[in-house]
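>>> Provide a 3D model corresponding to the input given below.
(2 chains)
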There are 2 protein chains.
Amino acid sequence: MTNLEKFQALEHKLQAYQYVLNVVSWDSATEAPKGAFERRADMQSLISQEAFELWTSDEYRDVLDALRNDDSLSELDQKNVEKAHKALSKVSHIPSDEYAAYEKLLALAQRTWEDAKANDDYDSFKDTLGKIIETQRKLIAYRGESKAPYDVLLDDYEEGMNMEKYDAFFDAIRQDLVPFVQKVLASGVQKPAFIDRHFPKAAQKAFVEYLNDVFAYDLDKGLLKESVHPFTWNTHPSDVRYTVRYLEDFVFSSIFAGIHELGHATYEMGVDESLTPTRLKGGTSMGIHESQSRFYENVIGRSKAFWEVHYPKLKSLFPEALKDVDLDTFYLGINWVEQSFIRVEADELTYPLHILIRYECERAIFNDGIALDDLPDLWNQKVKDYLNLTVEKDTDGLLQDVHWSGGAFGYFPTYALGSAYAAQIYYAMQKDLDLDAVILANDIPKINAWLKENIHQYGKTKSPEEIIRDVTGEDFDVQYYIRYLKEKYTPLYLG
Amino acid sequence: MTNLEKFQALEHKLQAYQYVLNVVSWDSATEAPKGAFERRADMQSLISQEAFELWTSDEYRDVLDALRNDDSLSELDQKNVEKAHKALSKVSHIPSDEYAAYEKLLALAQRTWEDAKANDDYDSFKDTLGKIIETQRKLIAYRGESKAPYDVLLDDYEEGMNMEKYDAFFDAIRQDLVPFVQKVLASGVQKPAFIDRHFPKAAQKAFVEYLNDVFAYDLDKGLLKESVHPFTWNTHPSDVRYTVRYLEDFVFSSIFAGIHELGHATYEMGVDESLTPTRLKGGTSMGIHESQSRFYENVIGRSKAFWEVHYPKLKSLFPEALKDVDLDTFYLGINWVEQSFIRVEADELTYPLHILIRYECERAIFNDGIALDDLPDLWNQKVKDYLNLTVEKDTDGLLQDVHWSGGAFGYFPTYALGSAYAAQIYYAMQKDLDLDAVILANDIPKINAWLKENIHQYGKTKSPEEIIRDVTGEDFDVQYYIRYLKEKYTPLYLG
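Coordinates of the predicted model:
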């Protein structure tokens, strides 16, 4: 066996470990009985440890080192080896028992968070959160990087990003967007009444299934299911699943979280199959991933053109709730801007403010060492500052998101970045396609094809920066985001 | 670490591998998209191989050998070590790559069988079946046992059983039961018309959920789902799931397969939790397992007393189909005896004849080396001989069951044996409980408690023979089965 073959065989095994652990996570998030939970955490932890020991074995390290000095590798193999090296160097100094303990902590934390959220009881989650943060710091320290801990995390989720760049990004949003949002909120436009009406679950489900067809989601390679928090799950381009939740008093949740997840899913399904055995498989970064889901959700899903085609279908499914609602009213409703507590149900315009809150809280945790007892107050103060709302219960505040219970600090900022990428991609796409015309022709597969051609197929063979540069012909520029939002919301509220 | 601790740590890891592979199987059988299938087979195979290598490692073998010579072990540890030794000796001479290839073959075979069954195309499955049989023979040969291959398999599924004992068992059934069945079939009693009526799926589902309550199935430790072939799945007593299928033109499928699986599930949930880390966890044998499911399905579920309590509920769910059906007619309907093609939908009385067909076919395959081209004719001839029916399509014939595609030869006979165990257990239980009175009082938990006390809790700490002897005060005796069936069916058809 050559070194390359040895490396590939080891990677194949590591993929198999990841695969089975992914399936266990899917089961856990969607249907496993409550009683299975402690046993599952124990079993997951053991298998993670097995994988971790293989990954950090001398055998793996030696073959990787040998390949890094091998000039005969193809460009693809070189990239794959570099990805593997970078990933390993993040963990190679972590003792395997500490890694296993962390995995187990996270498995248990998921449930602790769920209970805390259900019972509006931050105190019951605080200790677990503290342990996660403390372990994260320890794991970062093992890496021996000279950067600030939060910069390390930001770069993990979006290669090349750090506090300095995000500070600039959010400054631009504050400067240009916050005054605009304030004007919109003061416009005096009346909220359409239909938003709060009752939308029966069965019909919502039927509409999400209809959307699967509209977006050409291939059910031979996918699955739609329910879970508490919507998410996309995949193991390879032929098994990409997503979940929604059905809130009978908030139909937009299943529709727009559904379209959002379809954006993630379509990205994963579009990555070139030949990359599957490599570390170049899957979306290139959190930010680019989010650009695809936001493009689907907002640029397509909340456009007037989209509902000119699909509103009759929706109306037929909800003859009561939408009886007296015309298309213009519906369009205003799905783009209704207001202060709200819950990020995943926030409108497109105030959404970046929700991310700002989380970014500043995470920064306070990792950079300023805020005490966890003070975290609810900090969160609630920021909600007051940016959204002018008073948080009454932590379930609507810092307990609302799953991320921290999964140890995913530094992830949130990519959501806002992804929305900004989406806007820049939108203006680039307009040069090739008349997007409104394509949507009016109910030809979403044409958009899928453009995105696959320009973004999806490449997987991780291109960095986020390269994707943006190759697609748009220039570097990332937050001003496209501002422009897009102003162009969309001015006629609706200030026109 | 002592040898015992080393052994326990290794067993713990092996359980974790089994756990993740079980979850992947559950996913595969209930919802994984079609396209996931080849990748899954590949990933499963790698993880199985990892587990197999650990299991057959020198480290494991050495510690096991040391413990077998250790007089200081507790009785439970001794039993556990002996179970481990027996299991290992079955595979220890199999090269790990052959084992992995077999696992992969089985993963692929599942789908090949599903397609063959759907398309009534035995030829498309034949080669796969041949490979499974050939590999089974090879794997048996590695074990170096002096027994006939089919005896090896029979003992694998029910410790202590072999062709000689099963021949005697089926002879007794032939001699005493077949003439009785013929009398029943010639009785001239008219088939109730309601059986073939339309029973909407949603109401069937509601009734199965109602049955979960009746049988006190704990949904905090379980899950009800749909699959092509109903089955029970478990990883430990707090995660025991089962599936049913809903046939709108055959409501008995969901009701009685459901109660059947609840019997399996209740057994697994009742095993003492302290056995979970050992090889003594779970039901003691296929036959005893089937005795529990058959007891639930037939002794409880097809009793008059049961429906005196629950028929009003069923009638309320199917007001159309059951409008003109009184309790006596319904009771005759659920115990309707007729020749039929499909084992899982066969009545209690002809059921052993379906097993007889499979037993004789498997015997022909493994003992007489029948050509696979001739297998459909053999199967169909036996269906003619025992059930007086002409098989028109293999989907209703030898393609109907999942077992062979999973390599489970020697499994079927335990179904008939389990029914016979159930009858013997029934007469023993009657000494402690007035079963009819308990069922009429809708107090199934009392039956569950009796079964847990006498059977379930012990897991594999008692052998099948010990269970039967301790529960009934005597050795297994097929005559209880004959007696039970005659006592039940004489008044219905010959009274």
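>>> can you tell me which helix in chain A is longest?
helix A:3-30 (DSSP state H).
>>> by how many degrees do that helix and helix B:3-30 diverge?
Taking axes from the mean of the first three to the mean of the last three C-alpha atoms, to 10 degrees, one finds helix A:3-30 and helix B:3-30 inclined to each other by 70 degrees.
>>> Stretch A:52-64: how far from the chain's middle?
30 Å (C-alpha atoms, centre = their mean, to the nearest Å).
>>> In it, which residues are buried?
Under the neighbour-count criterion of 16 or more other C-beta atoms under 10 Å in any protein chain shown, stretch A:52-64 has A:52, A:55, A:56, A:60, A:63, A:64 buried. Glycine gets a C-beta too; all of them are placed from N, C-alpha and C.
>>> Please apply the same query to stretch A:268-287.
A:268-271, A:275-276, A:278-287.
>>> Stretch A:125-134 now?
By neighbour count on 16+ other C-beta under 10 Å, the buried set for stretch A:125-134 is A:125, A:126, A:128, A:129, A:131, A:132, A:133.
>>> How many neighbouring residues does residue A:29 have?
The tally of other residues near residue A:29 (other C-beta atoms under 10 Å in any protein chain shown) stands at 17.
>>> For it, which non-adjacent residue is closest in space?
Using C-beta to C-beta, 6 or more residues apart in numbering or on different chains and skipping residues adjacent in sequence, the residue nearest residue A:29 is residue A:227, 5.3 Å away.
>>> Sitting in helices, which of the buried residues of stretch A:52-64 do you find?
A:52, A:55, A:60, A:63, A:64.
>>> about what we covered before: can you tell me which of the buried residues of stretch A:125-134 are in helices?
Cross-referencing those against helices under DSSP H gives A:125, A:126, A:128, A:129, A:131, A:132, A:133.
>>> Surely the fourth one is in contact with residue A:403?
So the one you mean is residue A:129. No. Contact criterion C-beta atoms under 8 Å: residue A:129 and residue A:403 do not qualify, at 11.2 Å.
>>> where exactly do the strands run in chain A?
Remark: strands assigned in chain A by DSSP state E are A:222-226, A:232-236, A:239-244.
>>> just to revisit the earlier point, next, format the buried residues of stretch A:52-64 as CSV and append distance to chain B.
Below are the buried residues of stretch A:52-64 laid out as CSV (distance: C-beta to the nearest C-beta, whole Å):
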residue, distance to chain B
A:52, 13
A:55, 13
A:56, 16
A:60, 14
A:63, 18
A:64, 20
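>>> need those in CSV with distance to residue B:480, can you?
Compiled in CSV, these are given as follows (distance: C-beta to C-beta, whole Å):
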residue, distance to residue B:480
A:52, 55
A:55, 57
A:56, 60
A:60, 60
A:63, 64
A:64, 66
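>>> what about residue A:434, distance to residue A:141?
Using C-beta to C-beta, to the nearest Å, residue A:434 is found at 53 Å from residue A:141.
>>> again, but for residue A:396
In terms of C-beta to C-beta, residue A:396 sits 34 Å off from residue A:141.
>>> Compare neighbour counts for the two and give me the winner.
Neighbours per residue, other C-beta under 10 Å: of residue A:396 and residue A:141, the larger number sits with residue A:396, 17 against 13.
>>> List, one by one, the residues from the stretch 151-300 of chain A near chain B.
A:218-223, A:225, A:235-236, A:238-239, A:241, A:276 (C-beta under 8 Å from any C-beta of the partner chain).
>>> sorry, back to before: quick check, the residue nearest to residue A:29 in contact with residue A:243.
Yes. Taking C-beta under 8 Å as the definition, residue A:227 is a contact partner of residue A:243 at 4.0 Å.
>>> quick one on the thing from earlier: which pair of the buried residues of stretch A:52-64 spans the longest distance?
Farthest-apart pair in those is A:52 and A:63; separation 17.0 Å (C-beta to C-beta).
>>> Now distance to chain B and pLDDT too, for the buried residues of stretch A:125-134, in JSON lines please.
Shown next, in JSON lines, are the buried residues of stretch A:125-134 (distance: C-beta to the nearest C-beta, whole Å; pLDDT from 0 to 100):
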{"residue": "A:125", "distance to chain B": "21", "pLDDT": "98"}
{"residue": "A:126", "distance to chain B": "26", "pLDDT": "97"}
{"residue": "A:128", "distance to chain B": "22", "pLDDT": "97"}
{"residue": "A:129", "distance to chain B": "26", "pLDDT": "98"}
{"residue": "A:131", "distance to chain B": "23", "pLDDT": "97"}
{"residue": "A:132", "distance to chain B": "23", "pLDDT": "97"}
{"residue": "A:133", "distance to chain B": "28", "pLDDT": "97"}
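>>> Let me have those in JSON lines, extended by distance to residue B:26.
Below are the buried residues of stretch A:125-134 laid out as JSON lines (distance: C-beta to C-beta, whole Å):
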{"residue": "A:125", "distance to residue B:26": "30"}
{"residue": "A:126", "distance to residue B:26": "35"}
{"residue": "A:128", "distance to residue B:26": "28"}
{"residue": "A:129", "distance to residue B:26": "32"}
{"residue": "A:131", "distance to residue B:26": "31"}
{"residue": "A:132", "distance to residue B:26": "29"}
{"residue": "A:133", "distance to residue B:26": "34"}
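>>> Closest one of these to residue A:324?
Distances from residue A:324 to the buried residues of stretch A:125-134, taken by C-beta to C-beta, are shortest for residue A:125, at 43.6 Å.
>>> For that closest one, which non-adjacent residue is closest in space?
Nearest to residue A:125 is residue A:116, by C-beta to C-beta, 6+ apart, at 3.7 Å.
>>> Could you do residue A:375 as well?
In space, residue A:375 is closest to residue A:398, 6.2 Å off (C-beta to C-beta, 6+ apart).
>>> I'd assumed residue A:379 was in contact with that neighbour.
Yes. Assessed by C-beta under 8 Å, residue A:398 is found in contact with residue A:379 at 4.3 Å.
>>> what residues do these two have in common as contacts?
Overlap of the contact sets of residue A:398 and residue A:379 (by C-beta atoms under 8 Å, 6 or more residues apart in numbering or on different chains) consists of residue A:361.
>>> who's in contact with the residue in the stretch 351-495 of chain A that chain B sits nearest to?
Closest approach between the stretch 351-495 of chain A and chain B, counting by C-beta to the nearest C-beta: residue A:459, at 15.8 Å. By C-beta under 8 Å, 6+ apart, the residues touching residue A:459 are A:271, A:272, A:275, A:280, A:281, A:282, A:283, A:284.
>>> Just put these in JSON lines and tack on pLDDT.
Shown next, in JSON lines, are the contacts of residue A:459 (pLDDT from 0 to 100):
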{"residue": "A:271", "pLDDT": "98"}
{"residue": "A:272", "pLDDT": "98"}
{"residue": "A:275", "pLDDT": "98"}
{"residue": "A:280", "pLDDT": "98"}
{"residue": "A:281", "pLDDT": "97"}
{"residue": "A:282", "pLDDT": "97"}
{"residue": "A:283", "pLDDT": "97"}
{"residue": "A:284", "pLDDT": "97"}
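>>> Show me what the closest residue to residue A:31 other than its chain neighbours bridges to in the sheet.
The spatial neighbour of residue A:31 that comes closest, neighbours along the chain excluded (C-beta to C-beta, 6+ apart), is residue B:223 at 5.9 Å. Taking DSSP bridges as the rule, residue B:223 bridges to residue B:241.
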